[in-house]
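Enquirer: For reference, the sequence and a predicted model appear below.
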Amino acid sequence: MLGVYRLTLKETITKKIFLTFFVLSTIFIILIIFALNVKVGGVDSKILLDFFGQNINGDREGNLFDPKEILGYVQTGIAIAVFFISIFFSLFATAGIFPNFLKKGSVDLILSKPISREKIFLERFFGAITIVGINIFYTVILSWIVLSIKFEIWNYKFLFAGLIIFMFFCTLFSLLSLVSMLTRSTVISLLIVYFVIFILSPILAGVQRFTIIEGTIYQSVVKIVYLVLPKISETVVLIKDVVMSDNYSIAPILSSFIIGIIAVLASIGIFKRMDF
Amino acid sequence: MNVIEAKDLTKHYSGKVKALDKFSIEVEKGKVFSLLGPNGAGKTTFIKLMLSIVKPTSGAATILGSNINDPLSRKKIGYLSENHVFPDYLNAEQILFYYGMMANVAKSDIKKRIPVLLSKVKLSDKKNIKIKKFSKGMLQRLGTAQALINDPEIIFLDEPTDGIDPIGRIEIREILNELRNEGKTIFINSHLLSEVERISDEIAILKDGKLIKRGKLENFINDTGSYRIKLVGSKNDLIEEYARSKNIEVNFEKGYYKLGSNDLTQLNKLIDELRSNEIMISEISPIKETLEDYFIKIIGEN
């Protein structure tokens, strides 16, 4: 009957942050519709851009822009903006999903229903990511349609970027759920996940790239820690590559997603053994 | 037929605290069974074990013949927890809808049962009000309705009348009596012994996680072998003189004479004596031990 899933959807919808995100996305898309005018034509099917009444007909050397290239830049910019904004705010909005649920008096009533704990956890989990997914895909799909009509180019890979954003959020929410199971605290869980994603993971990515720490043991430790964390820097690069080129590797999102699945399995294992 | 069976059910928290120690019990279908005990006796732990909210350290139990580890054993169970918390962004009707969905009740059945249950707990006119505006008593009544949404065969109630005013208690008691008449089995944890005494068929007393007494209600509220008499007017020496002459213990307390004898012949002779002296009697009744008296005595002994 998916009662826990429906209740979680209801709980998530009541949070105004998602409504705000939805409204802001809509305003942004309306802005693109009215402010950006693109004329494809001229010599070699180059492009004439009009943004907020400003004509941008080419670079300083007088070369006209390639519409495909410009569309790639615009879509990359949108995808990366959606990536950071949606992840930051969605994590914030969903951080209480498990800690609130695990409170005594609340969880008891749900556990007394004829549903297994695995199912309760998964319904709760999917209830939270559904609303985030709707927000992400709403923004990505609508902006893709508008831009495709304007540029007369249908870059389907932009939709794949939306999927990557959503998969990355799922990974982070899995980690958030695991930390919530261990700490039962919204604030602590959120701070830990923000620290891992926005501080630790980029630092380790930098250390990896520039070999700042010398010595085999240190390098190995850094490598292992980096491997078990979701890879935010590499995922951002992947989003850009997916939108703009045909050469990209999905390894960063795949490895991050596998970490997410492991986190979900670990959370279920912990939840099954918990006493309330 | 036993609908609840527990055998040597044990729960130790953190390896040290023995919340429940080899507790065995059987509850028959259609009975109102009350589990009593001081705070920390293990009453709530027992209910939580039966509903898999906590996991047993050892022992086994069944509900309606199914092992408690099987989620489907809870299909025909209703539960009202102590200090339950509902999502405060929902109204009463929505609470019953979502908790009905969780209890695997068909949507059409939920829609039929919601008005019936809201009427039963006298919340029909409050069905569209967000529950954050509800009083403790209203939340408790809503909790009771929630426990009944799946038309359960067994209802576990943990302190159902806790924090409720006397009128609210009467209303909950009426609901429980209705459920008993419908043949439901009701398992109650309560501190309110006077409430328990009014509705229970059977009682068990727990202390420090161990069962110390169990039996039918009447076994707990025996006659004390004493009578109390109230006379019209003030204290009268005649009754005391007569009682002493017959070696009957007599005390005067709060306007009543308490006679320590259950010999009906002697009692009638005393009445004759009083009446022959034109002393008016306004009340004569046997003194029964209340459940509270018994509880305090047995907890003290243990």
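Expert: Received, thanks. All of these numbers come straight from a predicted model, not from anything done at the bench. Numbering: from 1, shown residues only, chains lettered A, B, ... in the order given.
Enquirer: what about the strands in the stretch 51-200 of chain B?
Expert: B:58-63, B:66-67, B:77-80, B:154-158, B:185-189 (DSSP state E, counting those that start in this stretch).
Enquirer: cool, and the stretch 1-150 of chain A?
Expert: When secondary structure is read from DSSP E, counting those that start in this stretch, the stretch 1-150 of chain A shows strands at A:36-41, A:46-51, A:54-56.
Enquirer: per-residue confidence for whatever residue of chain A ends up closest to chain B?
Expert: Closest approach between chain A and chain B, counting by C-beta to the nearest C-beta: A:G3, at 3.2 Å. For the C-beta atoms, the positions are set from N, CA and C on the backbone; glycine is no exception. Turning to A:G3, the model gives it a pLDDT of 93.
Enquirer: Next: A:F51.
Expert: Among the per-residue scores, A:F51 shows a pLDDT of 66.
Enquirer: quick check: longest helix of the chain.
Expert: Looking at chain A here, since you left the chain open. Ranked by residue count under DSSP state H, the longest helix found in chain A is helix A:117-151.
Enquirer: was after chain B, sorry
Expert: Across chain B, the helix with the greatest residue count (assigned by DSSP H) is helix B:166-181.
Enquirer: And it, what's buried?
Expert: B:G168, B:R169, B:E171, B:I172, B:I175, B:L176, B:L179, B:R180 (16 or more other C-beta atoms under 10 Å in any protein chain shown).
Enquirer: again, but for stretch B:36-56
Expert: Of the residues in stretch B:36-56, those buried (16+ other C-beta under 10 Å) are B:36-37, B:41-54, B:56.
Enquirer: circling back to that earlier point, would you mind confirming that the residue of chain A closest to chain B is in contact with A:K113?
Expert: Yes: applying C-beta atoms under 8 Å as the test, A:G3 and A:K113 come out as touching, 7.3 Å apart.
Enquirer: hey, what's in contact with both of these two?
Expert: B:Y99, B:M102, B:A103, B:N104 (C-beta atoms under 8 Å, 6 or more residues apart in numbering or on different chains).
Enquirer: Can you select the buried ones from these in PyMOL?
Expert: The command below creates a PyMOL selection of those among the shared contacts of A:G3 and A:K113 that count as buried (16+ other C-beta under 10 Å):
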select buried, chain B and resi 99+102+103+104
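Enquirer: Keep only those of the shared contacts of A:G3 and A:K113 that are also close to chain A.
Expert: Judged by C-beta under 8 Å from any C-beta of the partner chain, the overlap between these and the neighbourhood of chain A comprises B:Y99, B:M102, B:A103, B:N104.
Enquirer: Contact partners for B:V250?
Expert: Contact analysis of B:V250 by C-beta under 8 Å, 6+ apart lists B:I239, B:E240, B:A243, B:R244, B:Y257, B:K258, B:L259, B:G260.
Enquirer: wait, B:L148
Expert: By C-beta under 8 Å, 6+ apart, the residues touching B:L148 are B:G78, B:R113, B:L117, B:K120, B:I155, B:L179.
Enquirer: Adding distance to B:N67 and pLDDT, write the buried residues of helix B:166-181 out as CSV.
Expert: Shown next, in CSV, are those (distance: C-beta to C-beta, whole Å; pLDDT from 0 to 100):
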residue, distance to B:N67, pLDDT
B:G168, 36, 82
B:R169, 35, 85
B:E171, 36, 85
B:I172, 31, 86
B:I175, 30, 90
B:L176, 28, 90
B:L179, 25, 92
B:R180, 27, 91
